[in-house]
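**Student:** Sequence first, then the predicted structure, then my questions.
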Amino acid sequence: MTEVFYYIQANLACFLILGLILYKINHGIDRQTSTVILRRLIIVLMTYFFSDSIWIFLDSGVVNIPHPVMIVVSIIPFVLIVCSSYFWFVYCEILQQDKLILTRKGALISSIPILITVILIISASFTGIVFYFDENNHIKNGPLYGILVLVPLGYMAYASIKGFYRAFTQGRYMDHIVYLTIGVFPFIPIITGVLQVIFIYIPFMCYGATFSIMLIYLATLENLISMDSLTQVNNRNQMHKYLIRKMKNPSPNLSLYLMIIDIDHFKEINDTYGHIEGDKALVRVANAMKDACQAHRNRFFVSRFGGDEFIVIAETEYKGEVNWLSEKIRSNVKLYNDKADVPYNLSVCVGIAEYDYTNPVPIPSLIARADSDLYHMKHART
């Protein structure tokens, strides 16, 4: 009975922790699709902890219950834990901006393994193919019991492998961090989930799942703190952290440049068409910059400096590459604006400053150099 008490206590503690996280999410301002899926994942896990506690209590034999009731009580936790792996998979796909999962066809195809597994679990009471119950209402492994491990493991392993692959093949610094996070996080519930299936009366899963959700939530908070909410690029604070790290740790055979990008006549756009249209213009420029900076993996860092100014930190082998990036950003801005079909022209000026490792200067001085180059460029165009 002592083991049962500790099992329920573990589930209750994890239930309360996830409940607190769910409360914070529900009262937050983030309403992205990924956050909605994360909320559903937490609700499924909390329901699992509750139903798992009921199962272990009744399975201990403290209360005599009819065999059909015990079957239902035992099936529910299995169904919930399998479904939670699917929600985790969907969450990772959305974070990786895979739009297929949001379509009806994509959702249907990806859910087929889960649906088959749930059917097998529900039919266990009369087929015994994944598990069955002995005369004392205790669960025994069936011939296909391993499917309860393989299907959730498959979803989470797929998300993890895909995250690692994209982390080292995609071009944007911020995406690199997100993909690396996706690659790392599934390992904890994968390991604890396997242990839970093997040692069914030890609550490994509740600890692993709760710890993973806590890591996800903290990473989400960090992402919100480091990201500009409007343009979805790194903010000024994150730019400073990144630039300090690059100043202290030069990359072999690469030079470090700071590029400051300023939108031409942005005040006129705001005054003539309103601040909402001005915000759309800022987003358009940010997207154009992100697209231009995908050419080289993790060597271009895009951030919003403030107002209508952006900063790109670039590591390149030669100055011509920075000049090419500058032209690419300007041409992308024009292209994105033409596609938007708005009644105004949108263009940017770019100032460039190289950081001299042999004669280091503080960040404000480096920005001032780029700002001076920007000033000369603006006046050369007038």
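**Tutor:** Received the coordinates, thanks.
**Student:** helices and strands of the protein: which one has the lowest mean pLDDT?
**Tutor:** When each helix and strand of the chain is scored by mean pLDDT, DSSP states H and E, helix 173-184 comes last, with a mean of 67.
**Student:** quick one: buried residues of the host helix or strand of Met247?
**Tutor:** Per DSSP states H and E, Met247 falls inside helix 236-248. By neighbour count on 16 or more other CB atoms under 10 Å, the buried set for helix 236-248 is Gln238, Met239, Tyr242, Leu243, Lys246, Met247. Every residue, glycine included, has its C-beta placed from N, CA and C.
**Student:** Which strands or helices does that helix pack on?
**Tutor:** Applying 3 or more CB pairs under 8 Å, 6 or more residues apart in numbering; DSSP states H and E, one finds that helix 236-248 contacts helix 204-226, strand 255-263, strand 300-306, strand 309-316, helix 363-381.
**Student:** contacts for the shortest one?
**Tutor:** The contact list for strand 300-306 (CB atoms under 8 Å, 6 or more residues apart in numbering) reads 171-174, 228, 230-231, 233-236, 238-239, 242, 260, 282, 286, 289-290, 293-294, 310-315, 325.
**Student:** Kindly recompute the last result at 7 Å.
**Tutor:** When contacts are defined by CB atoms under 7 Å, 6 or more residues apart in numbering, strand 300-306 is touched by residues 173, 228, 231, 233-236, 238-239, 242, 260, 286, 289-290, 293, 310-314.
**Student:** now do the longest one
**Tutor:** Contacts of helix 204-226 with the rest of the structure, by CB under 7 Å, 6+ apart, involve 10-11, 14, 17-18, 21, 30, 38, 42, 45, 49, 81, 181, 185, 188-189, 191-193, 195-196, 234-235, 237-238.
**Student:** What of the last one?
**Tutor:** Counting contacts by CB under 7 Å, 6+ apart, the residues outside helix 363-381 that touch it are His240, Leu243, Leu258, Met259, Ile260, Asp262, Cys349, Val350, Gly351, Ile352, Ala353, Tyr355.
**Student:** Burial check on the fifth one, number of neighbours?
**Tutor:** What it means is Ile260. By the criterion of other CB atoms under 10 Å, Ile260 has 23 neighbours.
**Student:** Surely it touches Val312?
**Tutor:** No. At 8.2 Å, Ile260 does not count as touching Val312 under the criterion of CB atoms under 7 Å.
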